[in-house]
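>>> Could you look at this predicted model? Sequence included:
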Amino acid sequence: MEDKNVTLVSDQSNETNPNLTGSTMTKAGRLAMELSHEKKRLKQELEELQTEYDEIKPTTPTGTTDWYVKWLSMLLAVAGIFLISASLTLYGQIAYVVSCVGWIYVGMQWGDRAIMIGSAVSCTAIAMNLVNTFS
């Protein structure tokens with residue numbers, strides 16, 4: 001961050017702001033004017049910092065229904081993968097399909113087509129395997 005100098009008005013006339021030298025304003029008036037300029041500068045700096053913060057902070061909502069569905073779906077997907085790896089294929093596929101449906105819901109809530117399409121494709125693949133298992 002840049003180091004910006006602040007000029008203070010003092011009792012000695014040689015230390016006043018050079019931009020205000022020769023004016024007919026009182027010292028209080030000059031000080032008020034300098035404080036006003038400093039306030040504007042600080043406001044601008046605060047706005048810049050707020051913009052930087054907004055760019056960094058997470059954008060996904062917390063504590064909402066879609067947040068709970070997202071985390072439940074993530075847990076079901078991981079559980080489904082482990083169940084399939086543990087030779088409990090049917091239970092793993094069911095957990096994974098339910099997870100995909102949850103992710104499709106989250107994608108719809110967030111308006112994120114990538115989440116919806118990715119989840120729909122994997123859900124369709126697993127569902128086709130389930131249908132082949134039962135036919």
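Looks like it arrived, so ask away.
>>> residues touching residue 99, list them.
73, 74, 76, 77, 80 (CB atoms under 8 Å, 6 or more residues apart in numbering). Bear in mind the C-beta positions are built from the backbone N, C-alpha and C, glycine included.
>>> quick one: it from residue 71, how far?
Per CB to CB, to the nearest Å, residue 99 is found 11 Å from residue 71.
>>> Check the contacts of residue 99 for burial and list the buried ones.
Neighbour-count burial (16 or more other CB atoms under 10 Å) applied to these gives 73, 76, 77, 80.
>>> host element of the second one?
In this assignment (DSSP states H and E), residue 76 forms part of helix 65-85.
>>> so where's the chain uncertain?
When residues are selected by pLDDT under 70, those of the chain lie in 1-23, 58-59.
>>> Do a quick rundown of the helices in it.
Along the chain, the stretches classed as helices by DSSP state H are 27-56, 65-85, 89-110, 113-134.
>>> Check those helices for me and report the most buried one.
Each of those was given a mean neighbour count from mean count of other CB atoms under 10 Å, and the largest, a mean of 19, is that of helix 89-110.
>>> what's residue 126 in contact with, if anything?
93, 96, 97, 100.
>>> Please report the distance of it from residue 100.
7 Å.
>>> got it, and residue 66?
With CB to CB as the criterion, residue 66 and residue 100 are 15 Å apart.
>>> got it, and residue 32?
Distance from residue 32 to residue 100, by CB to CB: 64 Å.
>>> Quickly name whichever of the buried ones among the contacts of residue 99 is closest to residue 46.
residue 73 (39.0 Å; CB to CB).
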